[in-house]
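Engineer: Model the structure of this input:
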Amino acid sequence: MRQALVIAVLAIMLATFLAQTSDASYTVTYLNTTVYLNANTSARVVEILNLSISNSSISQYRTDRLALNLTLSTWQSLVGPELVEHIINPKSGVYKFEFLPGPLMVDYNGAHTYLMMNYYVKNVTSVTETGPRLFKYTFNPDVFNFEHAASGQVLPQNTSFTIVFPNTSTISSVYPIPDYPAKGFTSGYSNVTKISWNNGEPLSKFTLTFYTHESLQEEVINFFKGIYGALGMFTYVIIAAVILVLIMYTYLKVAG
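Structural biologist: Modelled structure (predicted):
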């Protein structure tokens, strides 16, 4: 009897919560997707969705924001299909995912806030070494998860998409021509650290290649990182042995 009463109370609480959230009005007014490319072909993605909150939903949003048991799928049911990872590897998904509902900014016509997703994606680019310490990167368009149209994927309206490049990058080719920087190839994209597209840009034929030049110091550091990744702690034993051999060689040479 007691167990049945507990179940009934929980059912009422759940029904009340669902009734409240079903009346919530959260409208996405703008989406910004920024991809920070890494030299190891992965990328950090930051997505910010601006929301408009009706007056009748302000209290509910404050409750939802503080709730610890709301999953991303629950938020998706409240916000709509716009709340989804727009950069995702079809084979490995995303990792280190973080979700942050922002604070409310109330005005006479309701309220505004943002939802932020921060996550990482593998194999956003592919890389080949084309010369001494010179690497060519190619963007992988299969990671796009934007709106689908008859011609392929497109950026939705009220959306911006930005790519931020690793240090020492030089853009080789890009299509479609970015909306930012406005000058485009007139300056050869020299010293450009990021490029952006806006509102309805077709992505079905998206291409992007760029080069990075690794300094000698970075090459040495990455060489030892590679050895450590392969051999683990045994790397230190090898380094110690090499140093010992050099010391012995120097000593014997001086003594002789």
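
Engineer: In contact with the residue nearest to residue 194 when sequence neighbours are not counted, which residues are there?
Structural biologist: Distances taken as Cβ to Cβ, 6 or more residues apart in numbering put residue 164 closest to residue 194, at 4.4 Å, once the chain neighbours are dropped. Placement of C-beta: from N, CA and C, glycine included. For residue 164, the contact set (Cβ atoms under 8 Å, 6 or more residues apart in numbering) comprises 34, 35, 36, 37, 193, 194.

Engineer: Got phi/psi on residue 142?
Structural biologist: Dihedral angles of residue 142 (phi, psi; degrees, to the nearest 10) stand at phi -70, psi -10.

Engineer: Can you report how many residues lie near it?
Structural biologist: Under the neighbour criterion other Cβ atoms under 10 Å, residue 142 is assigned a count of 12.

Engineer: Report the spatially nearest residue to it, omitting neighbours in sequence.
Structural biologist: residue 90 (6.1 Å).

Engineer: Then residue 114?
Structural biologist: That would be residue 102: by Cβ to Cβ, 6+ apart, it lies 4.1 Å from residue 114.

Engineer: Could you report the distance from residue 99 to residue 250?
Structural biologist: Separation of residue 99 from residue 250 (Cβ to Cβ, to the nearest Å): 58 Å.

Engineer: more neighbours, these two?
Structural biologist: More crowded of residue 99 and residue 250, by other Cβ under 10 Å: residue 99, with 15 against 10.

Engineer: So that one sits against residue 116, correct?
Structural biologist: Yes - using Cβ atoms under 8 Å, residue 99 is in contact with residue 116, at 7.3 Å.

Engineer: which residues does the residue most central in space within the chain bridge with?
Structural biologist: Closest to where the C-alpha atoms of the chain average out (Cα atoms, centre = their mean) is residue 45, at 1.2 Å. Beta-bridge partners for residue 45, by DSSP bridges, are residue 35, residue 119.

Engineer: And residue 213, by the same measure?
Structural biologist: Beta-bridge partners, per DSSP bridges, of residue 213: residue 134.

Engineer: Quick check: bridge partners of the residue nearest to residue 194?
Structural biologist: Bridge pairing for residue 164 (DSSP bridges) gives the partners residue 36, residue 194.
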